[in-house]
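Q: Quick one: sequence plus predicted model below, questions after.
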Amino acid sequence: LDLRLYVKAEIAEVSGRLRNLQTALLDLAEQYFDLVMPGYTHLQRAQPITFSHYLLGQIEAFERDANRLQDCLARTDVLPLGSGALAGSTIVLNREPIARDLGFSCVSQNSVDAVGDRDFVCEFLFCLAVIGLHLSRLSEDLIIWSTTEFGFLEFSDAFSTGSSLMPQKRNPDMAELTRGKTGRLYGNLMSILTMMKALPSSYNRDLQEDKEALFDSVDTVSAVLEVFTAMLPELKINRQRMEAAASDPNLFATDLAEYLVRKGAPFREAHEIAGRLVIRAAQAKLPLNQIPLSTMQSFSSLFDVDVMKIFDIRRSLAKRVAIGAPSPENVAAQIKRWRNKLVEVRATRLINKSDA
């Protein structure tokens with residue numbers, strides 16, 4: 001009983017911290033709404049996006065975490081009281097009023113299962129591990145972007161430290177520790193799954209071992225969520241470096257292929273032509289947008305003078321209007337949607353707290 005009450009309470013606490021992190025990400029997305037940057041796949045420049053679009057993608061990942069926590073809550077919110085050691089009691093109990101008084105939505109339906117059930121602990125630890133996974137990936141992006149090679153951002157002094165040997169360095173300690181602690185969360189989950197693996201049905205003393213892993217994961221995730229929420233507003237974003245990286249003409253190679261598709265070429269053929277033009281540009285040591293039109297036309301007669309318009313980054317982004325794509329219109333709509341949602345969630349949390 002007490003373990004379920006604890007997990008229910010911590011689901012609410014972690015969910016609140018997730019919402020605070022989402023709000024910090026949203027504030028940053030709104031602040032840098034028009035800042036362009038390269039999007040990456042395989043850690044290589046791929047296509048132009050905006051920093052705001054990237055941040056909104058992180059909010060989506062943490063929203064899945066919030067939804068998973070609510071799913072976990074539904075299976076945690078079950079009163080086991082009245083199950084006895086494993087066979088209930090000869091004393092007649094009306095369990096439903098007890099469940100209501102203790103804030104549970106329903107009662108367990110089988111006493112043998114109820115006393116040995118730790119699925120909700122495993123599920124909660126999984127939820128926390130995935131939150132750690134998302135924080136780790138976000139940390140890795142920020143760490144890479146803070147390097148001299150990228151120079152997209154800097155961590156503030158409050159969240160980084162100097163090197164003990166090399167005075168020119170600033171190390172992103174908080175982000176690195178967040179990334180590292182994800183392994184700890186995985187270990188806690190695996191320890192519970194391993195402990196549960198071959199237990200006989202109903203209660204066994206082995207189940208006492210669930211507490212250490214559970215408490216440690218809750219403390220770890222709570223701490224890193226709090227640190228990250230405080231760290232994000234303190235990031236120093238280098239707009240010039242991001243915009244310079246986004247101006248790489250090779251980022252528009254896909255736009256070049258899609259230009260040919262709009263002119264009537266099959267995509268496979270258009271993709272091949274665009275790839276050959278990229279190779280030609282590299283051989284000629286020219287940016288892709290400086291290949292002469294006559295050379296382009298030697299690859300395909302579909303190229304015309306309007307092809308140079310595709311290298312306008314603002315135009316390229318504006319044309320990406322499908323749901324989920326990074327056009328300014330879409331990004332603005334997403335920011336508005338998330339602002340309304342997070343305000344609504346915060347209001348609901350305050351109402352629930354006052355009713356508790």
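A: Alright, I've got the coordinates. Residues are numbered from 1 along each chain as shown.
Q: Can you point out the buried residues in the host helix or strand of residue 314?
A: In the assignment (DSSP states H and E), residue 314 maps to helix 313-318. Neighbour-count burial for helix 313-318 flags 313, 316, 317 (criterion: 16 or more other Cβ atoms under 10 Å). In this view, the C-beta of every residue, glycine as well, is placed from N, C-alpha and C.
Q: Now distance to residue 151 and pLDDT too, for those, in JSON lines please.
A: Shown next, in JSON lines, are these (distance: Cβ to Cβ, whole Å; pLDDT from 0 to 100):
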{"residue": "313", "distance to residue 151": "19", "pLDDT": "97"}
{"residue": "316", "distance to residue 151": "23", "pLDDT": "96"}
{"residue": "317", "distance to residue 151": "22", "pLDDT": "97"}
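Q: Out of those, which comes closest to residue 217?
A: For the buried residues of helix 313-318, the residue nearest residue 217 by Cβ to Cβ is residue 317; the value is 40.0 Å.
Q: my guess is that closest one meets residue 50, correct?
A: Yes - contact criterion Cβ atoms under 8 Å: residue 317 and residue 50 qualify, at 6.9 Å.
Q: Can you check which residues contact both of these two?
A: Each of 36, 326, 328 lies in contact with both residue 317 and residue 50 under the rule Cβ atoms under 8 Å, 6 or more residues apart in numbering.
Q: Contact partners for the closest residue to the first one other than its chain neighbours?
A: This means residue 36. Nearest residue to residue 36, sequence neighbours excluded (Cβ to Cβ, 6 or more residues apart in numbering): residue 246, at 4.3 Å. Going by Cβ under 8 Å, 6+ apart, residue 246 touches 36, 37, 38, 48, 313.
Q: and the third one, that one's in a helix?
A: No - with DSSP: H, G, I helix; E, B strand; the rest coil as the criterion, residue 38 is strand rather than part of a helix.
Q: Let me see the contact set for it.
A: By Cβ under 8 Å, 6+ apart, the contact set of residue 38 is 45, 46, 47, 48, 49, 245, 246, 248, 251.
Q: Setting the sequence-adjacent residues aside, check what's closest to it.
A: Leaving aside its chain neighbours, residue 38 sits nearest to residue 45 (4.3 Å; criterion: Cβ to Cβ, 6+ apart).
Q: and which of the contacts of residue 246 is nearest residue 351?
A: Distance to residue 351 across those (Cβ to Cβ) is lowest for residue 37, with 39.0 Å.
Q: The closest one and residue 213: what is the separation?
A: Distance of residue 37 to residue 213, computed by Cβ to Cβ, to the nearest Å: 39 Å.
Q: for the chain, which residue is closest to the average position?
A: Closest to where the C-alpha atoms of the chain average out (Cα atoms, centre = their mean) is residue 61, at 3.4 Å.
Q: Secondary structure element for it, which one?
A: Under the criterion of DSSP H and E, residue 61 resides in helix 51-76.
Q: how distant is that helix from the center of its chain?
A: Distance of helix 51-76 from the chain centroid (Cα atoms, centre = their mean, to the nearest Å) equals 7 Å.
Q: do the same with stretch 346-356
A: 26 Å.
Q: thought residue 289 was touching residue 252?
A: Yes - with contacts counted by Cβ under 8 Å, residue 289 reaches residue 252, the gap being 7.3 Å.
Q: Pick out whichever of these two has more residues nearby.
A: Taking other Cβ atoms under 10 Å, residue 289 and residue 252 do not tie; residue 252 has more neighbours (21 against 17).
Q: Surely that one touches residue 310?
A: Yes - look at residue 252 against residue 310 with Cβ under 8 Å: they come within range, at 5.6 Å.
Q: which residues are in contact with both of the two?
A: Jointly contacting residue 252 and residue 310 under the rule Cβ under 8 Å, 6+ apart are residue 316.
Q: Could you pull out the strands in the protein for me?
A: For the chain, applying DSSP state E gives strands covering 36-41, 44-50, 78-79, 106-107, 153-154, 161-162, 170-171, 236-237.
Q: Quick check: mean pLDDT of the fifth one?
A: Which is strand 153-154. Summarised as a single mean, pLDDT over strand 153-154 is 97.
Q: what's near enough to touch residue 135?
A: Contacts of residue 135 (Cβ under 8 Å, 6+ apart): 178, 179, 182, 224, 225, 228.
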